[in-house]
Structure formats: structure tokens, C-alpha cells
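Colleague: requesting a structural model of the entry that follows:
(one chain, ligands or ions: 1)
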Amino acid sequence: ASAPADAGELLRRRERSLAEVQEHYFADPPVIVRGWREYLVDADARVYLDALNNVSSIGHAHPRLVEAVAAQWRLINTNSRFHYPQIVEFAERLAATLPDGLDQVFLVNSGSEAVDLALRLAQAHTSRPDILAVAEAYHGWTYLSDAVSTSVADNPHALETRPAWVHTVEAPNPFRGRYRGSEAARYADDAVAEVHRLAEAGTPVGAFLAESIFGNAGGMPLPDGYLKAVYAAVRAGGGVAVADEVQVGYGRLGEWFWGFQQQDAVPDIVAVAKAMGAGHPLGAVITSKRIAASYRSQGYFFSSAGGSPVSSVVGLTVLDVIRDEGLQQNAAEVGAYLKQRLTELGERYPILGTVHGYGFYLGPEFVRDRESWTPATEETARICDRLRRLGVMIQPTGDHQNVLKFKPPMCFTRDSADEFIAALTRVLETGW
Ligand code: PMP
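Modeller: Residues are numbered from 1 along each chain as shown. Now for the predicted structure:
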């Protein structure tokens, strides 16, 4: 398609024809017409470093994925009721990445669907409606996944509008929450106490839902032992543990393929999407045979395009590319290098208060001063805008919008890390 001549006119048409959605547009967003590896190209042929795009997990326009998808489309794409090899192979490959016992795969089309289905499975299995979720998290837009999302960045009214069966524990943020540093272990004690309190109140927890690494807070690890302790309390009370791995799972963390491995804990139900489809609509729920069987009280599961032949080929090819190109290893190495360089930058510029995360899920956090840790919200927006002008695409995240959402395609090179640091250094040196 030919590139539109006028970016402003295209934006006005977009605003007229598309319903209002949450947007993180820059002041004058460029019209993006193509991508390649960790680069984006706009209609004026300007190239940007993409430090943001976790969905394009294996890199933009990956030739192997393009070929595989085209070949499958030429043969057949149809609904998942038919019998074909790709769906079987993909389910087997996916289950093989998970601990023993998590071997029943449901294929869906998005993260919201995956979280929704995971919670429905938990409710069906325990015959309990009550869900305990972590505050400040985002889990999706469908009825159930939205009900458990309390990130005020996504919905300023979230906390007042939850259904009565949704309960939250405090975000276990060891950096700016109630318990800091070595005190952070107490978040788990509070969460366990909440599990007990809910049982005594006659609303025992059916499902405990948490991201295994706190995505909305910029890839912040949970305190050591947190998931182990809360999972144990939930299970002891007859509930099940659900891990939302939509953002943090699938190799991005470098050292671990799944976020819950960082916590040395094993959930009962895993929800995943985003990276597994590299931009194609693909999500999955993986659980045990016992829990999967509980779905039958809800009827039969069916999703027309979930696990279609093309979706299954996408899923298989993404796993092949992650393996063959060593992308998880790359996330570990380049991510550690970049974290080190960002930390050094923080020693020179006090506004860069700390750097959260692992691998290619990093959250440099900006603060007005390091005594009060007051979030530097407006400054972060301006830093993102200046970085964009310098050719780096990145946006803010977190309930205070003061953390950079660094989660690039996993082919991001060491040279790109240097380029990112050079641009950020220039912004910090010259003001924002
Ligand atoms: N869970 C988490 C942790 C997410 O970040 C998101 C999307 N931002 C979702 C679920 C929902 O995924 P989707 O947008 O694919 O529906």
C-alpha cells in the first residue's frame, strides 16, 4: 500500500473512525509502514530503534515466519475442529516447555482470552467465584480479565468498580510500597493473612492470580519466596494458583523461559499470549488433566481460530526461531549488559533512580529525588518524546507512568543496546 502523504490527516481520520482506545501516542506520531528486526521505518523512511515491542518477539518481518505462514495459508487455514498435525505438534511443544503435569493445552487468540479462560477453569474446578489478584496489575479487557485488573493507568476507576468476588492484595513493590528493601518479605505474610481472612469470611479463594514478574511496575521481580508462600496458602485452603505469563513469559527474562521459574514456584494454570504469536493473535492456557477436565461442567471448549492451522504454524515457528537463534540466551546476555550500563547511567544522573527487571524486560524508573522517591511522571513523558525524536521508540509504564517499558524484540543486539544508551545519555545530558 502506498504511504499516506499526511500523517496529521491520517490521525484525524483515525480519530473519526476508530472508537477511543487507550493510546500512548507521542505528540506527533510517525506513520509506521514497516519493520525489520528491532527497527521500525516510517513513511518518510526514517528508521527507529524499537525498544518497546514485546509482541514482535522474534523481530519484525521475520523471513522464516513470513514463509511458514504463507506456505500454510496456501495449503489451508480453517477452524480448529478439524484434524491436522500442526495443532498436535504445537500443543506438544508448548507443554514440553512447562513442568511435568502441566500438559493440557487450550489454544485461544489473545492474552485477555487466556486469562479469562484460566480464571473460568479455576472457578469451575473449585466451585468458588472468589478471586484474589494483585493490585495495580493489568490482565485484559474481557469481563473476567478486566474484573481482576486494577491498574489505574489503564482504568482510573478500577478499584471502586470491581465486582464483590474480586479481592486484591497490595502490589508487592519493594521499591516504593509499604515494605521496602529487606522488609519486602512481609508482603507475602500479608497476602497469606488475606487468604485466611477470606476463608474465615466465608468467601474462600478459588483462584489466586498474579503475574510472575510485576509487568505494570516495569518488570519488577516479586520478593523472594512470594509466589511459593502465597501458592501454598491458597492450595492449602482448596484454591488454585494462576500465573499470568502474557508479558513476562516465553524467554524474555533471559535466565528463565517462564516467569514463575524465577520464583521457584509452579502454578496450577498458566496463561500466555503476546510473544508466542509474534504479533499474530495467539494465546494459550496450559494446566493439569484434573483441572482441564473441570471445564466440562461449563460445556465443551471451542474457539474457531484458536489453534487454527495458521496459528499453530505461527506458534511452532516462533518456538523454532527462539531456539535456533538463541533468543533467550541473547535476552540474558544483552539484557544484563544493558542493565549494567543503565545502572551506571543512574550513578551520573539522579533522576534515573533504579533499574528493575531481567533480560529484555527492564524498567528504568525515574524519580524527582531519591529521598522521597517521588515519581518523575511528566519528566518521563518528555524523556520518551525526546528519545523518539532521537530515533528510539519507548513509552512509560506503571501506575505513576514513570518507568520506561523496555521490552524490545528479542533479537535486540549489543549494538542496539549501545545505541539506546547513547540516546538516553544525550537526553539526560541536555535536558528534557
Ligand atoms: N495480561 C497481561 C499481563 C498483559 O500485559 C496483557 C496485555 N497488555 C494481557 C493480559 C491481555 O492481553 P491481550 O492484549 O492480548 O488481550
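Colleague: just the pLDDT for G181.
Modeller: G181 carries a pLDDT value of 88.
Colleague: wait, what's in contact with the nearest residue to it once chain neighbours are set aside?
Modeller: Nearest residue to G181, sequence neighbours excluded (Cβ to Cβ, 6 or more residues apart in numbering): P174, at 6.3 Å. For the C-beta atoms, the positions are set from N, CA and C on the backbone; glycine is no exception. Residues in contact with P174 (Cβ atoms under 8 Å, 6 or more residues apart in numbering) are 180-181, 183-184, 187, 220, 223.
Colleague: which among those residues end up buried?
Modeller: When the contacts of P174 are checked for burial by 16 or more other Cβ atoms under 10 Å, the buried set is 184, 187, 220, 223.
Colleague: wait, doesn't the last one sit right on N173?
Modeller: Translated: P223. No: counting by Cβ atoms under 8 Å, P223 sits too far from N173 to count as a contact (9.3 Å).
Colleague: near the ligand, which residues of the stretch 151-300 of the chain?
Modeller: Proximity of the stretch 151-300 of the chain to the ligand is confined to 211, 215, 244, 246-247, 273-274 under the rule Cβ under 6 Å from any ligand atom.
Colleague: report the contact partners of the most centrally placed residue in the chain.
Modeller: Among the residues of the chain, the one closest to the centroid is Q247, at 1.6 Å (Cα atoms, centre = their mean). If you count contacts by Cβ under 8 Å, 6+ apart, Q247 has them with 54, 111, 211, 215, 274, 361, 407.
Colleague: can you pull out the strands in the stretch 101-250 of the chain?
Modeller: All strands of the stretch 101-250 of the chain, identified by DSSP state E, counting those that start in this stretch, fall at 104-108, 131-134, 166-169, 207-211, 213-214, 220-221, 240-244.
Colleague: could you dump these to a markdown table with mean pLDDT?
Modeller: Output for the strands of the stretch 101-250 of the chain, formatted as a markdown table (pLDDT from 0 to 100):
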| stretch | mean pLDDT |
| --- | --- |
| strand 104-108 | 98 |
| strand 131-134 | 98 |
| strand 166-169 | 97 |
| strand 207-211 | 98 |
| strand 213-214 | 95 |
| strand 220-221 | 94 |
| strand 240-244 | 98 |
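Colleague: excluding sequence neighbours, find me the nearest residue to D369.
Modeller: Nearest in space to D369, with sequence neighbours left out and distances taken as Cβ to Cβ, 6+ apart, is P350 at 7.0 Å.
Colleague: now the residue in the stretch 201-350 of the chain that the ligand sits nearest to: how far from A284?
Modeller: The nearest approach of the stretch 201-350 of the chain to the ligand comes at V246, 3.6 Å away (Cβ to the nearest ligand atom). According to Cβ to Cβ, to the nearest Å, V246 stands 10 Å off from A284.
Colleague: which residues do the two both contact?
Modeller: 114, 271-273.
Colleague: okay, and which of these map to helices?
Modeller: A114 (DSSP state H).
Colleague: how about the shared contacts of V246 and A284 in CSV, adding neighbour count, pLDDT and distance to A232?
Modeller: Shown next, in CSV, are those (neighbours: other Cβ atoms under 10 Å; pLDDT from 0 to 100; distance: Cβ to Cβ, whole Å):
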residue, neighbour count, pLDDT, distance to A232
A114, 33, 98, 24
A271, 33, 98, 21
V272, 29, 98, 23
A273, 27, 98, 27
